[in-house]
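Undergrad: Sharing a sequence plus its predicted fold:
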Amino acid sequence: MSRHRKHTGFAAIAAIFLLVLLAALGAFMLSFSNTQQLTSAQDVQGSRAYWAARAGLEWGLAGVDASVATMPSATCPLTAQPATINGFALAFVCDRRVYTEDGVDRIVFRLTAAASGGGAVGSVGYIERSVSASVEY
């Protein structure tokens, strides 16, 4: 009678364990790569949205300068505003206030431009940037 027992199947169990471990590592790396790519794309889109909002603000400032030059009781720009800039929807708000300082009326314009795009609010690709400026005459 032989005292040695045969240990069969141990290599198969070790191979399956190693295969599952490598598959899990590969899935993690794929998920990490996708997240990194999405973050990079959102960074680029955020920069594009900022510059679209900045362009809308510049448009508004030019309109204020033109209205102040033509009439002393200047109003906010009433000309048609651009609906989209570089694929981003633009929202432009202008608020005009008159303050009296030392007997002289001062006109202050508060301009805000916001550019948004990439789907609905709350979706993964949604981007919005806003810029504002105040101008006193």
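TA: Good, I have the coordinates.
Undergrad: drop to CA atoms for contacts and neighbour counts, all remaining ones
TA: Noted.
Undergrad: quick one, helices of this structure?
TA: Counting by DSSP state H, the segments of the chain that form helices are 10-70.
Undergrad: what's the weakest-modelled helix or strand in it?
TA: Of all helical and strand segments in the chain, the minimum by mean pLDDT, DSSP states H and E falls on strand 84-85, at a mean of 82.
Undergrad: Okay, now the sheet partners of that one, with direction.
TA: Using DSSP bridges, strand 84-85 pairs in its sheet with strand 88-101 (antiparallel).
Undergrad: Other residues contacting the strand it pairs with?
TA: If you take C-alpha atoms under 8 Å, 6 or more residues apart in numbering as the criterion, strand 88-101 is touched by 49, 52-53, 56-57, 60, 75-77, 81-84, 105-117.
Undergrad: same question, stretch 112-121
TA: So stretch 112-121 is in contact with 49-50, 52-54, 56-57, 87-94, 125-133, going by C-alpha under 8 Å, 6+ apart.
Undergrad: Now which of these would you call buried?
TA: 49-50, 52-54, 56-57, 88-92, 94, 127-132 (16 or more other C-alpha atoms under 10 Å).
Undergrad: Which residues are in contact with Ala133?
TA: Leu57, Arg110, Leu111, Thr112.
Undergrad: If we use 10 Å, what do you get?
TA: Leu57, Glu58, Gly60, Leu61, Cys94, Phe109, Arg110, Leu111, Thr112, Ala113 (C-alpha atoms under 10 Å, 6 or more residues apart in numbering).
Undergrad: excluding its backbone neighbours, what's nearest the fifth one?
TA: Think Cys94. Distances taken as C-alpha to C-alpha, 6 or more residues apart in numbering put Leu111 closest to Cys94, at 4.5 Å, once the chain neighbours are dropped.
Undergrad: just checking, that neighbour touches Val64?
TA: Yes: using C-alpha atoms under 10 Å, Leu111 is in contact with Val64, at 9.4 Å.
Undergrad: what touches both of those two?
TA: Shared contacts of Leu111 and Val64, counting by C-alpha under 10 Å, 6+ apart, come down to Glu58, Cys76, Cys94, Arg96, Val135.
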